[in-house]
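Sequence first, then the predicted structure, then my questions.
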Amino acid sequence: MINLTFPIYYTQEFKTKPSKTFLVGLNWYRNAHHMLSNKVKAHYHELVKKQIGDTVITTGIRLHYKVYAQRNGTDGHNIRAVMEKFICDGLVESGVIKDDSIEYLKGDSSEYFIDKLNPRIDIYIELL
């Protein structure tokens with residue numbers, strides 16, 4: 001089992017105005033400018049590379065997501081959807097898995113929690 005952890009908030013830096021922190025989820029993604037969404041995606045790809053290193057997985061995998069939201073009322077599925085896309089693409093780009101099609105990604109599951117001090121998504125990769 002391989003465990004990865006990612007923040008679910010991203011801070012956008014500006015030169016002439018204060019930084020803006022937002023929750024990376026579908027509500028943000030559907031309205032984000034394509035250049036910003038590409039920048040955020042690249043950020044998560046880098047986080048994947050830093051955590052997983054030179055690992056190569058040649059078997060099928062099953063992913064389990066634990067989403068820790070900052071407050072009640074947060075739609076955990078919206079967070080998971082975008083993070084799943086960014087992280088799976090990062091696993092492919094890093095050469096960890098060959099593809100994120102159903103040939104390699106055999107299943108997934110998720111759980112949702114509240115953690116006011118450390119909102120995040122933990123991803124558990126089970127080798128099959």
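Yep, it's here. Numbering: from 1, shown residues only.

From now on I want contacts and neighbour counts done on CA atoms only, so please keep to that.
Fine.

quick one, strands of this protein?
Counting by DSSP state E, one finds strands in the chain at the ranges 2-7, 9-12, 20-23, 61-69, 105-114, 120-127.

mind putting those strands in a markdown table, mean pLDDT included?
Formatted as a markdown table, those follow (pLDDT from 0 to 100):
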| stretch | mean pLDDT |
| --- | --- |
| strand 2-7 | 97 |
| strand 9-12 | 97 |
| strand 20-23 | 96 |
| strand 61-69 | 97 |
| strand 105-114 | 96 |
| strand 120-127 | 97 |
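
Looking at the ones you listed, which one is packed in the most?
Highest mean neighbour count among the strands of the chain (mean count of other C-alpha atoms under 10 Å): strand 61-69, with a mean of 21.

Which other helices and strands does that one contact?
Contacts defined by 3 or more C-alpha pairs under 8 Å, 6 or more residues apart in numbering; DSSP states H and E place strand 61-69 against helix 76-93, strand 105-114, strand 120-127.

quick one: strands adjacent to the last one?
This points to strand 120-127. Applying DSSP bridges, strand 120-127 is found paired with strand 2-7 (antiparallel), strand 61-69 (antiparallel).

and the first one, how far out from the chain's middle?
Strand 2-7 has its C-alpha centroid displaced from the chain centroid by 8 Å (C-alpha atoms, centre = their mean, to the nearest Å).
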